[in-house]
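Asker: how does the following fold in three dimensions:
(2 chains)
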Protein chains: 2
Amino acid sequence: MIAPAFDPARPVLGIIAGGGGVPALVAAAATAAGRPVCILAIKGEADASVERFPHHWLHWGEIGRLFDLLSRERVGDVVICGAVNRPDFASIRVDLGAILSLPRILSFMVGGDDTVLKNVVRFLEDRGYRVVGAHEIAPDLVGDASLSGRHRPGKDADGDIAVGIEASQSLGRLDIGQAVVAIGGRVIAVEGIEGTDEMLSRVADLRERGRIKAGRGAGVLVKAAKPQQDLRVDMPTIGPRTVETVARAGLGGIAIEAGRVMIVDRAATIETADRLKIFLAARDFGSSGSRRP
Amino acid sequence: MIAPAFDPARPVLGIIAGGGGVPALVAAAATAAGRPVCILAIKGEADASVERFPHHWLHWGEIGRLFDLLSRERVGDVVICGAVNRPDFASIRVDLGAILSLPRILSFMVGGDDTVLKNVVRFLEDRGYRVVGAHEIAPDLVGDASLSGRHRPGKDADGDIAVGIEASQSLGRLDIGQAVVAIGGRVIAVEGIEGTDEMLSRVADLRERGRIKAGRGAGVLVKAAKPQQDLRVDMPTIGPRTVETVARAGLGGIAIEAGRVMIVDRAATIETADRLKIFLAARDFGSSGSRRP
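Answerer: This is a model prediction of the structure:
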């Protein structure tokens, strides 16, 4: 199930860990499959749950130390996962490796988040590492067609899902956001760079101000990956908090693109959805295999 | 220049007037062309500037009185223009005509704003009136290719305009919003039902929080009509306030679809743009004549 190590002489899976539970889930999946892991946990970002596995704590900016550790720990494949906040540049400890890499690191900061991640991937690959996706190590992280809680979309919701899928595909091709909200057969909100949670807060606000006529429980959040999205480092995610925000926005449910959206804590996500009467559905958005990078 | 009256026996142009300066501009244009006008001014909405022309004040809900006046004043063509707030239903005076029309009026309230306006148009047309667009009476209201202030888009802005046009066309076909913001060759915000001003406030907020890396003066608001939009009653508009909001969002300028976006006060809009160093540009978005309803 798990791809064999890229280089048998360097069998260890390195996990560069931001916040949340995903890094520990990836480590657990790799360990269960007999693959040794080493977590490179970013101080101020990574969760204490990573300490159950072989790990080192690093500060932002300790690039030299990162590559020392990757080499010393015999890491060949690297997973980058977990949420990261924008680092507080004033507090960054810049080590010798970072100074030597400074021109490249500065280039990370230019452009959108996609560009930053692409540059990080290239930076690692240039140094002989293979970057793999968290979902390649822990396939259970990804919502597939079996995803469902207690509640199911009704006929109106199916219409909103169809409209939302059509819109999200067009938006994806234009490299705009990953998510839309459709109510009553119409897209009423589109995610730009503000992110899914802020778009949903906007929908809640529009509803409070009477700008949404449909009753509570109507409408759906549709979330998909962009066709050109690098799922190894930038897979769209939903989780319990998404479900709560969807409920606050008065929507009926969430539809994700099957196989291309991560669920950060499946059990808690489904439990929250059941409790708040939110449906969960994973649908094929008509993305062919060739759309995957 | 102005289309002849629909019915020579009823030569008067009726102007159902909401707020702002557009109704008086339409009345002035018609008067200058020798066409008699009668303004039906909505109390609490219409501007005092309409009182320079033959007029009657009406309350929301006085449907019977509206049709009495249209008939008595020999109105054949009707322009519906000016901003309207959602009426406070508790304060509506419902007259006999409204009660007789109640089923139809209730049907106005269902669906999005587009549906409401479409129903109002059909309601008038069913009673023998021709609904014409404000821009058909006062073509100067519409931004054409000559629109420009002191500032011109630079090369980066041209790139953002192109990206914004492509996105707005896709979004229009999906019946989503009329406006997008593009910065650095990427669409970062899309208008849903919240409207252009709120989308721009969001961009200002994203910039304050450091989520937009480009400096002030980069980026453009692109605004267009949807292909299926009924320009007679629902033409997208910009005005001095749009320019101010664009400046607060730190953008460099505004690009509109030539011939399909109204400028509510051209002189003040250009003056504000010049003062705030905002460029104004009208471009052909590739909408063929056949796209016009």
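Asker: can you give me the helices in the stretch 1-150 of chain A?
Answerer: A:22-32, A:63-72, A:96-100, A:102-108, A:113-126, A:134-137 (DSSP state H, counting those that start in this stretch).
Asker: rank those by pLDDT, which is bottom?
Answerer: When the helices of the stretch 1-150 of chain A are compared by mean pLDDT, helix A:102-108 comes last with a mean of 51.
Asker: how far does stretch A:37-52 sit from its chain's centre?
Answerer: The chain centre lies 17 Å from the centre of stretch A:37-52; the measure is C-alpha atoms, centre = their mean, to the nearest Å.
Asker: could you do stretch A:252-270 as well?
Answerer: That offset, for stretch A:252-270, works out to 11 Å (C-alpha atoms, centre = their mean).
Asker: what's the following helix or strand after the longest helix belonging to chain A?
Answerer: Determined from DSSP state H, the single longest helix within chain A is helix A:155-173. Using DSSP states H and E, the helix or strand that follows helix A:155-173 in sequence is strand A:179-183.
Asker: how about residues contacting that following strand?
Answerer: A:160-161, A:163-164, A:167-168, A:171, A:187-191, A:196, A:199-200, A:203, A:212, A:214, A:218-224, A:236, A:249, A:251, B:192 (C-beta atoms under 8 Å, 6 or more residues apart in numbering or on different chains). Heads up, the C-betas are built off the backbone N, CA and C, glycines and all.
Asker: quick one: buried ones out of those?
Answerer: A:160-161, A:163-164, A:167-168, A:171, A:187-191, A:196, A:199-200, A:203, A:212, A:214, A:218-224, A:236, A:249, A:251, B:192 (16 or more other C-beta atoms under 10 Å in any protein chain shown).
Asker: please flag which of those sit within strands.
Answerer: A:187, A:188, A:189, A:190, A:220, A:221, A:222, A:223 (DSSP state E).
Asker: pretty sure the last one sits against residue A:263.
Answerer: No: counting by C-beta atoms under 8 Å, residue A:263 is not a contact partner of residue A:223; they are 10.7 Å apart.
Asker: tell me how far residue A:41 lies from chain B.
Answerer: The gap separating residue A:41 from chain B is 25 Å, by C-beta to the nearest C-beta, to the nearest Å.
Asker: with residue A:23 instead?
Answerer: Residue A:23 is 25 Å from chain B, by C-beta to the nearest C-beta.
Asker: and residue A:226, which of the three is it?
Answerer: Here residue A:226 takes the coil state, with states given by DSSP: H, G, I helix; E, B strand; the rest coil.
Asker: give me the neighbour count for it.
Answerer: 23 (other C-beta atoms under 10 Å in any protein chain shown).
Asker: what's near enough to touch the nearest residue to it once chain neighbours are set aside?
Answerer: Spatially, and ignoring its direct neighbours in sequence, residue A:226 is nearest to residue A:172 (4.0 Å; C-beta to C-beta, 6 or more residues apart in numbering or on different chains). By C-beta under 8 Å, 6+ apart, the contact set of residue A:172 is A:178, A:224, A:225, A:226, A:227, A:228, A:229.
Asker: just send those residues back as JSON lines, with distance to residue A:74 and pLDDT too.
Answerer: Putting the contacts of residue A:172 into JSON lines (distance: C-beta to C-beta, whole Å; pLDDT from 0 to 100) gives the following:
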{"residue": "A:178", "distance to residue A:74": "36", "pLDDT": "86"}
{"residue": "A:224", "distance to residue A:74": "37", "pLDDT": "94"}
{"residue": "A:225", "distance to residue A:74": "32", "pLDDT": "92"}
{"residue": "A:226", "distance to residue A:74": "35", "pLDDT": "87"}
{"residue": "A:227", "distance to residue A:74": "36", "pLDDT": "83"}
{"residue": "A:228", "distance to residue A:74": "33", "pLDDT": "80"}
{"residue": "A:229", "distance to residue A:74": "31", "pLDDT": "83"}
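Asker: spell out which parts of chain A neighbour chain B.
Answerer: Selection of chain A residues close to chain B by C-beta under 8 Å from any C-beta of the partner chain yields A:86, A:109-112, A:166-167, A:170-171, A:173-177, A:181, A:184, A:186-194, A:202, A:206, A:210-213.
Asker: could you turn the buried ones of these into a PyMOL selection?
Answerer: Buried residues among those (16+ other C-beta under 10 Å), as a PyMOL selection:
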select buried, chain A and resi 112+166+167+170+171+174+175+176+177+181+184+186+187+188+189+190+191+192+193+194+202+206+211+212
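Asker: what about the nearest residue to residue A:121 once chain neighbours are set aside, distance to chain B?
Answerer: Using C-beta to C-beta, 6+ apart and skipping residues adjacent in sequence, the residue nearest residue A:121 is residue A:131, 4.9 Å away. According to C-beta to the nearest C-beta, residue A:131 and chain B sit 24 Å apart.
Asker: quick check: residue A:131 touching residue A:231?
Answerer: No: Residue A:131 is not in contact with residue A:231 according to C-beta under 8 Å; the separation is 11.2 Å.
Asker: by contact count, what packs against whatever helix or strand residue A:271 lives in?
Answerer: Using DSSP H and E, residue A:271 maps to helix A:266-275. If you count contacts as 3 or more C-beta pairs under 8 Å, 6 or more residues apart in numbering or on different chains; DSSP states H and E, helix A:266-275 packs onto helix A:240-248, strand A:279-283.
Asker: remind me which residues of chain A are low pLDDT?
Answerer: For chain A, the stretches with pLDDT under 70 are A:1-3, A:85-117, A:287-293.
Asker: one more time with 80, if that's ok
Answerer: Along chain A, segments meeting pLDDT under 80 span A:1-4, A:60-61, A:63, A:83-120, A:234, A:286-293.
Asker: circling back: ok, the residue nearest to residue A:226 to residue A:160 distance?
Answerer: Between residue A:172 and residue A:160 the distance is 18 Å, computed by C-beta to C-beta, to the nearest Å.
Asker: ok, residue A:124 next?
Answerer: Applying C-beta to C-beta to residue A:124 and residue A:160 gives a distance of 40 Å.
Asker: how near is residue A:20 to residue A:189?
Answerer: 25 Å.
Asker: hang on, the earlier thing: got the helices and strands packed on helix A:266-275 as TSV, with mean neighbour count columns?
Answerer: Converted to TSV, those look like this (neighbours: other C-beta atoms under 10 Å in any protein chain shown):
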stretch	mean neighbour count
helix A:240-248	21
strand A:279-283	23
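Asker: distance to residue B:48 added to those, as TSV?
Answerer: Listed next are the helices and strands packed on helix A:266-275 as TSV, based on distance: least, C-beta to C-beta, whole Å:
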stretch	distance to residue B:48
helix A:240-248	42
strand A:279-283	52
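Asker: quick one: closest of the ones you listed to residue A:257.
Answerer: strand A:279-283 (6.9 Å; C-beta to C-beta).
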